[in-house]
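K.L.:
Need a 3D model of the sequence below.
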Amino acid sequence: MANHGMAQLTDLQREQWSVDGYITLEGALSPEEVEFFSDEVDRIRMLPGYEPGRGEVPRGHYAWVDHANPEPESFMDRRDLLPYHQAFIDLIDRPNVFDLIVDIMGPDLQFSMSQAIVRGGKDGFPGYTHTDGGPGQRRVRVTETSAPIAVKVMYLLTDVDGPDSGNFTVYPGSHMRAFPIDGGERTPHPHRPGAVQLTGKAGDAYIFSHSLWHGPAPNNTDNGRKTILYNYSQMFVRWYDYGGIVPEEILSKCTPRQKRLLGDLGHDFRPGDYFYVPEDQEAVIYQNPEIGNSAFFPGGITASWSADT
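P.N.:
The predicted structure is shown next:
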C-alpha cells in the first residue's frame, strides 16, 4: 500500500532482508532512551517476574520469581515487560521501527512477546544458536517473497565492540534453510563456519526473521550485555506471553493501535476473529481512518473505528 503514511524499507534494506534474513538499524534508540531502558532493566532485576525455571518447570519455560540475580552485570532473562512501565508499552509501536515491521509483515499482525536479557560477563556461558518459535515453527520457512510468520526486534542497551562479547550472532541467509537438529557436527554454533558475530552501539537494533539461525555468542568481557527483545507475529499465531486475554491494567494504558496489537478487536472473542481480521484492521494499524482493508473492503472502512476507541 503506497499511501498509508508510514515509513518503508529502503531498497538496500529490502534486499538485505530478502537475502540475509535480518537488517540493522543504527541509532534506533536515542542516548537518553538507552540510559532510561538500561536503568529500567536494572530496576526490574530486583522485582518479581518471570525468569527461566532452572529445573522447576520444563525446559524453555519460565517461573515466577521474587527477583533475578541481584548482581547488575549477571545473567537475567525477564519476560513480559509491559507491566513495569508505560515506556515498554509505547515501545511496541515506536514509529521508526514498527513502520518497518509492518512493511515486512503486512498489517495483519500482533505483538506477542517482550523480554529483557542480560548476558553476564565471563560467566562461562558458551553461547548457542537456534530459531524462534520452538520445534513446530522451526519446520516452517518462508520464501523470498512471502511475509514472515514472526519477526523479532533486538534493541542493544550496551555497546558490543568486539567478538565474544555476548554478540547477537547470525547465519546470514539461513532463514531459507532447514535448521540442523542432529546434535552433531552440523549443529550451528557462534564459532562455526558461516556464523557472523554482529557488533553495534547502544541504541542500535536488529530486526530478524523467526527462521533465521541466531543466538548469543559467549561474553568474555567484564560487563553484561543488555538487550530488549520484542516479538511480532501474524494474527493467527498464539501469543508467547499471554495465554488468553491481555490484562485490563495493561490495555487501559494503550492507544487504539497498541490495543489492537495486543488482541483487543473491539468486541468479545468470536470464532474466526484472528483468521479473518476486523474490517478496520488497516485503518487502526496505519492510524488512518480513510484506509480500508485492501483485500476485502476496498474504498472504505466501517464507522466503528475512531481515535477514541
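
K.L.:
Please enumerate the strands of the stretch 1-150 of the chain.
P.N.:
Shown for the stretch 1-150 of the chain, the strands assigned by DSSP state E, counting those that start in this stretch span residues 22-25, 49-52, 62-65, 76-79, 109-119, 150-156.

K.L.:
mind giving me CSV with those and columns for mean neighbour count and distance to residue 233?
P.N.:
C-beta here means a position set from N, CA and C on the backbone, and glycine is covered the same way. What follows is the strands of the stretch 1-150 of the chain, written out as CSV (neighbours: other Cβ atoms under 10 Å; distance: least, Cβ to Cβ, whole Å):
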stretch, mean neighbour count, distance to residue 233
strand 22-25, 20, 17
strand 49-52, 19, 19
strand 62-65, 14, 18
strand 76-79, 20, 16
strand 109-119, 23, 5
strand 150-156, 23, 4
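
K.L.:
which stretches of this protein aren't confidently modelled?
P.N.:
1-3, 55-56, 60, 136-138, 141-142, 182-186, 243-244, 274, 292-309 (pLDDT under 70).

K.L.:
let's see it at 50
P.N.:
1, 295-309 (pLDDT under 50).

K.L.:
In it, spot the helix with the most residues.
P.N.:
The helix of greatest length in the chain, counted in residues with DSSP state H as the criterion, is given as helix 31-45.

K.L.:
Now do it: distance to the chain's middle.
P.N.:
18 Å (Cα atoms, centre = their mean, to the nearest Å).

K.L.:
helices or strands up against it?
P.N.:
Using 3 or more Cβ pairs under 8 Å, 6 or more residues apart in numbering; DSSP states H and E as the contact criterion, the elements in contact with helix 31-45 are strand 76-79, helix 86-90, strand 109-119, strand 225-234.

K.L.:
go again using 10 Å as the cut-off
P.N.:
Using 3 or more Cβ pairs under 10 Å, 6 or more residues apart in numbering; DSSP states H and E as the contact test, the elements touching helix 31-45 are strand 76-79, helix 86-90, strand 109-119, strand 150-156, strand 225-234.
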